[in-house]
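Enquirer: Quick one: sequence and predicted model below, then my questions.
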Amino acid sequence: MDDLAGMLVKPRLASIGMALAAAALDPVPPYAFVLDRGSDPEERLENAILWKTLKDRLGSEIKAYDDLGKVPDAVTHIFGRAGHRSDLFREGLKYPGPKEKTLPYWTMPGFLELAGRSIKICDLDQADMEVQRLHLEGKDAFVKATRDKYFTKHVPVGTSLWQALDAMVYSFIDEDACLLVQEYVDMTYEYRLFVVDGQVVTGAGCVPWKTPLDNTALYDPAMIEHRGDTKLGGLAMSNLRLDQYLAFASEAVDQLGGGSFVLDVAMINGEVGIIELNPMRLGQVGLYAAKVPALVDAVLGHFG
């Protein structure tokens with residue numbers, strides 16, 4: 001009986017072993033996509049649309065993973081919700097590369113000139129003096145850490161920088177160029193433009209409830225006046241502003257030195273100005289109602 005069991009089981013085990021060995025020899029797809037496990041419905045939807053578009057373009061060359069830690073070392077490109085901190089990305093990737101991991105836009109040519117407001121790069125003591133200077137002029141300040149997604153604070157007249165920082169002050173002691181001190185201004189009709197290899201490839205208004213499913217044009221015109229508004233602005237005025245933004249961006253990209261990044265603009269002090277720039281990391285930047293196929297085609301065309 002034991003011999004019979006062995007005759008039946010051993011071939012089965014051998015076939016399983018052969019299958020596992022064959023699977024181990026299968027080439028790892030060079031493109032990886034990390035799925036979004038968060039609770040924000042718009043982000044999850046954007047993530048799904050981005051995955052579907054990449055899958056349509058790359059087929060068997062891309063594989064989805066539910067955790068960044070499961071992505072094999074042989075992968076060359078990583079897309080998706082792979083963590084917000086740039087240090088989670090491994091070295092040697094073709095995408096995101098060094099310029100997509102972090103983007104010190106305040107050092108880019110032309111940014112300070114195109115920001116539409118006063119901005120100064122400071123250490124802690126310099127930041128305190130700059131906040132005081134703005135307050136003496138009757139202006140509120142806005143303070144932002146140069147560390148990626150680390151700290152932002154509105155510092156109104158009557159509040160000191162030390163009060164605003166509170167316990168966070170210890171994070172900036174003895175650090176050079178650690179804070180951006182800006183004149184606090186009203187920014188209206190915020191708009192996001194996606195720049196790949198020096199070309200603006202698509203864009204959309206920063207409307208929180210809009211997703212790529214709402215896209216109506218390569219540069220979607222829908223905008224809201226202020227963050228938190230629940231009503232869209234009029235289409236005619238939105239189109240006029242969009243024309244301004246696109247004309248501004250065509251010159252701004254050259255002044256910023258080209259490259260690939262996400263460019264946020266708005267009406268600032270009555271003129272078009274730059275809010276900030278973000279790294280071109282697909283899956284980690286809000287898409288709003290941008291045209292995803294155009295963006296994916298541009299990124300794959302440039303980054304391989």
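Expert: Happy to help now that I have it.
Enquirer: any weak-confidence spans in this structure?
Expert: For the chain, residues meeting the criterion pLDDT under 70 lie at 1-25, 82-88.
Enquirer: can you map out the helices along the stretch 1-150 of the chain?
Expert: Listed in chain order, the helices of the stretch 1-150 of the chain (DSSP state H, counting those that start in this stretch) span residues 2-25, 41-58, 98-101, 111-114, 124-136.
Enquirer: Oh, that last question was meant for the stretch 201-304 of the chain, not what I typed.
Expert: 235-255, 292-303.
Enquirer: who does Val34 bridge with?
Expert: Tyr65, Gly80 (DSSP bridges).
Enquirer: contacting residues around it?
Expert: Val34 makes contacts with 64-68, 71, 78-83, 283, as judged by C-beta atoms under 8 Å, 6 or more residues apart in numbering. All C-beta spots, glycine's among them, are computed from the backbone N, C-alpha and C.
Enquirer: Quick check: it vs Gln284, distance?
Expert: The span separating Val34 from Gln284 equals 10 Å under the rule C-beta to C-beta, to the nearest Å.
Enquirer: try Tyr170
Expert: Look at Tyr170 and Gln284: by C-beta to C-beta, they are 28 Å apart.
Enquirer: Then Gly59?
Expert: According to C-beta to C-beta, Gly59 stands 24 Å off from Gln284.
Enquirer: swap in Asp197?
Expert: 19 Å.
Enquirer: So if I had to pick from those two, which one is more boxed in?
Expert: Of the pair Asp197 and Gln284, Gln284 is the one with more neighbours under other C-beta atoms under 10 Å, namely 24 against 14.
Enquirer: Was I right to think the more buried one contacts Arg81?
Expert: Yes - at 6.6 Å, Gln284 counts as touching Arg81 under the criterion of C-beta atoms under 8 Å.
Enquirer: rewinding a little: so which of the helices of the stretch 201-304 of the chain gets nearest Leu277?
Expert: In this view, the helices of the stretch 201-304 of the chain are compared for proximity to Leu277 by C-beta to C-beta, and helix 235-255 is the closest at 10.0 Å.
Enquirer: List the buried residues for the closest one?
Expert: For helix 235-255, a neighbour-count test (16 or more other C-beta atoms under 10 Å) marks Ser238, Arg241, Leu242, Gln244, Tyr245, Leu246, Phe248, Ala249, Ala252, Val253 as buried.
Enquirer: for it, packing partners?
Expert: helix 111-114, strand 187-196, strand 199-205, strand 261-268, strand 271-279 (3 or more C-beta pairs under 8 Å, 6 or more residues apart in numbering; DSSP states H and E).
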